[in-house]
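Visitor: model this:
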Amino acid sequence: MLFDKRDVRKICIDDFALKRGQRYGTIMIDLETHIVVDILNSRDCEKVSDWLKGYPNIEIVSSDGSIGYRKAIDEAFGDVIQISDRFRLIKGLSDGCKEYVQERFGTSIVIEQCETKGQSDGTEEIISKVLSEKEESKLI
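Guide: From the prediction side, this is the model:
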């Protein structure tokens, strides 16, 4: 597919293994059209930076935050907006939520037993059964 380099303004760059542990490549995807713009057979900072310099209209680059890509982006542009990719954003958010919950509530939450007025919904029996089965499985 042909496209004009001047139309590419927002890209995502990420690495992938050509041969795991030995050779890696870099893929560039247009964030607006989701079209693969290019694939490099390297993730070397200098090669990525040279590629980026060929796209002068880039305003935003999304990446995994690796030092190599960050350095390549800085060398190519200096003033472009760098953002984390979707995976890193979601991971950071979920890690932050987990830390908050652990700090706020500690490692365990105690749920007090509710008294019902002479009626049983069967919950106590189910809990007793599950607990006794759990204890029995420890003995086996």
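
Visitor: Where does pLDDT dip in the chain?
Guide: Flagging of the chain using pLDDT under 70 yields the residue ranges 1-2, 107-109, 114-123, 130, 133-140.

Visitor: For Asp75, identify the helix or strand it belongs to.
Guide: One correction, residue 75 is Glu, not Asp. Using DSSP states H and E, Glu75 maps to helix 67-76.

Visitor: What helices and strands are in contact with that helix?
Guide: Helices and strands touching helix 67-76, by 3 or more CB pairs under 8 Å, 6 or more residues apart in numbering; DSSP states H and E, are helix 45-53, strand 60-63. Yep, even glycine has a C-beta here, placed from its N, CA and C like the rest.

Visitor: shouldn't Glu32 be in contact with Cys12?
Guide: No: Glu32 is beyond contact range of Cys12, at 10.5 Å (criterion: CB atoms under 8 Å).

Visitor: between those two, who's got more neighbours?
Guide: Cys12 (19 against 12; other CB atoms under 10 Å).

Visitor: Quick check: beta-bridge partners of the more buried one?
Guide: Ile29, Ser62 (DSSP bridges).

Visitor: quick one: contacts for it?
Guide: If you count contacts by CB atoms under 8 Å, 6 or more residues apart in numbering, Cys12 has them with Met28, Ile29, Leu31, Val61, Ser62, Ser63, Asp85.
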